[in-house]
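Trainee: let me see the structure of the following:
(one chain, ligands or ions: 1)
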Amino acid sequence: MTPKIERFFAESWPDTPYLVVDLDIVAQNYQRLCDELPDTEIFYAVKANPADPVLALLRDLGSNFDAASIYEIEQCLALGIAPERLSFGHTVKKENHIQRAFEAGIRQFAFDSVQELEKLARAAPGASVYCRYLTPNDGADWPLSDKFGCHPDYAVELLCNAADLGLMASGVSFHVGSQQRNPVVWDAALFTAAEIFSKMAERGIKLSLLNLGGGFPSHYRTPMSELSVHTDTIKRSLRHHFGDDLPQIIVEPGRYIPGDAGVIQSEIILISRKSPDAKKRWVYLDIGKFGGLPEVLDEAIQYRIRTPHDGSATGPVILAGPTCDEVDVIYDAAGYELPLDLTVGDRIEILSAGAYTASYSSVGFNGFPPLKEYYI
Ligand SMILES: *Cc1c(COP(=O)(O)O)cnc(C)c1O
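Mentor: Numbering: from 1, shown residues only. Sure, this is the predicted structure:
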């Protein structure tokens with residue numbers, strides 16, 4: 001919670017649910033990452049919070065942008081962001097979207113398969129391409145499975161294919177998993193990167209780009225190590241595995257930049273028990289999985305919750321969303337406790353909710369409108 005957001009609550013009283021984001025915190029987080037990782041270029045992962053005010057602010061601060069779709073690219077271009085500051089970081093793209101991006105001046109593309117390289121060679125001839133490889137995601141609250149990235153040994157072969165196809169084989173990328181709690185994973189990923197660089201050098205291709213992806217955490221219910229614990233590990237591992245011969249380094253923070261800057265305000269619709277002596281109360285909010293909290297899937301991301309009765313006696317609750325879908329339960333196994341004084345109509349706050357919320361909300365499931373957003 002920030003003074004600016006407290007003032008917004010005091011002065012405005014919009015109908016819930018809504019997200020309010022303090023842009024000063026977005027700027028601060030961007031600046032802190034720049035300070036912690038000097039000589040590193042930041043490509044903000046647009047999908048974390050693609051609101052125009054966030055993108056415009058980061059544009060003015062000098063950020064670059066990693067886009068996951070042609071639509072995000074076109075949104076950035078419409079905001080006056082030069083194409084040289086954009087990368088198309090998705091490894092799965094329609095060929096005509098690659099072509100549209102290439103015609104708009106985008107020159108950096110991700111890939112993880114020969115089939116995607118063939119599309120890139122046709123639709124973006126001569127473009128600079130980097131290969132995403134798989135790396136362990138242990139310790140991530142929102143791990144990324146095996147959907148993106150190839151086996152590291154295969155990356156060498158693919159980068160050679162890229163060169164054969166007339167593309168610029170520029171380097172590699174990885175992602176350690178979102179909301180990463182375990183800084184050690186960076187070292188494993190960078191060890192692999194150095195191996196790929198040296199195997200490529202043996203084949204006569206000097207790679208120049210190392211893309212560290214995202215994964216930098218926000219502050220949810222489990223206490224989290226500070227950003228510097230991650231960035232110190234990265235700096236130490238880079239020195240260890242690359243010595244003084246550092247390539248161009250880029251990072252793609254998503255969650256970290258807007259996460260802690262946002263608060264969702266929600267209202268309690270109903271508090272009930274399944275039987276008169278049931279231990280747990282069911283607390284139904286006017287926001288749930290479909291209204292902007294998809295990351296509570298499997299109770300993976302556990303937000304901090306503030307209530308008007310904090311400090312008084314608490315009891316166990318099951319938190320649920322407002323829709324008639326039975327999967328729209330927020331927390332049960334996570335063991336949340338909320339004040340016994342809580343009543344219907346109380347407004348509660350979901351903290352650090354600036355990333356992966358509003359843009360994820362359904363357009364009208366059960367008729368509920370998308371989550372409202374205020375950028376202050
Ligand atoms: C989503 C994404 C990111 C951002 O990840 P965070 O964990 O939110 O920092 C970075 N790079 C790529 C390619 C992504 O898809």
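Trainee: which element is the nearest residue to G364 once chain neighbours are set aside on?
Mentor: For G364, ignoring the flanking residues on the chain, the nearest one in space by Cβ to Cβ, 6 or more residues apart in numbering is P370 at 7.6 Å. In this view, the C-beta of every residue, glycine as well, is placed from N, C-alpha and C. According to DSSP states H and E, P370 maps onto no helix or strand at all.
Trainee: give me the number of residues near the closest residue to the ligand within the stretch 251-376 of the chain?
Mentor: Closest contact between the stretch 251-376 of the chain and the ligand, by Cβ to the nearest ligand atom, is at G254 (2.6 Å). Close neighbours of G254, defined as other Cβ atoms under 10 Å, add up to 24.
Trainee: test my guess that L159 contacts G204.
Mentor: No. Using Cβ atoms under 8 Å, L159 makes no contact with G204, being 11.5 Å away.
Trainee: these two - which one has more neighbours?
Mentor: Between L159 and G204, L159 has the larger neighbour count (other Cβ under 10 Å), namely 26 against 8.
Trainee: what parts of the stretch 51-200 of the chain come near the ligand?
Mentor: Residues of the stretch 51-200 of the chain found near the ligand (Cβ under 6 Å from any ligand atom) are D66, A68, G89, H175, S178.
Trainee: and the third one, how far from N64?
Mentor: Using Cβ to Cβ, to the nearest Å, one gets 11 Å for the distance from G89 to N64.
Trainee: list the contacts of G105.
Mentor: Shown in contact with G105 (Cβ atoms under 8 Å, 6 or more residues apart in numbering): A82, P83, E84.
Trainee: secondary structure element for it?
Mentor: For G105, there is no host helix or strand (DSSP H and E).
Trainee: now F43
Mentor: Secondary structure from DSSP H and E places F43 in strand 40-45.
Trainee: hmm, that strand in reach of the ligand?
Mentor: Yes. Strand 40-45 lies within reach of the ligand by Cβ under 6 Å from any ligand atom, at A45.
Trainee: parallel or antiparallel, which strands does that strand pair with?
Mentor: Counting by DSSP bridges, the strands paired with strand 40-45 are strand 64-67 (parallel), strand 248-251 (parallel).
Trainee: let's have the ones you listed in a markdown table, adding distance to A163 and mean neighbour count.
Mentor: Listed next are these as a markdown table, based on distance: least, Cβ to Cβ, whole Å; neighbours: other Cβ atoms under 10 Å:
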| stretch | distance to A163 | mean neighbour count |
| --- | --- | --- |
| strand 64-67 | 23 | 25 |
| strand 248-251 | 18 | 20 |
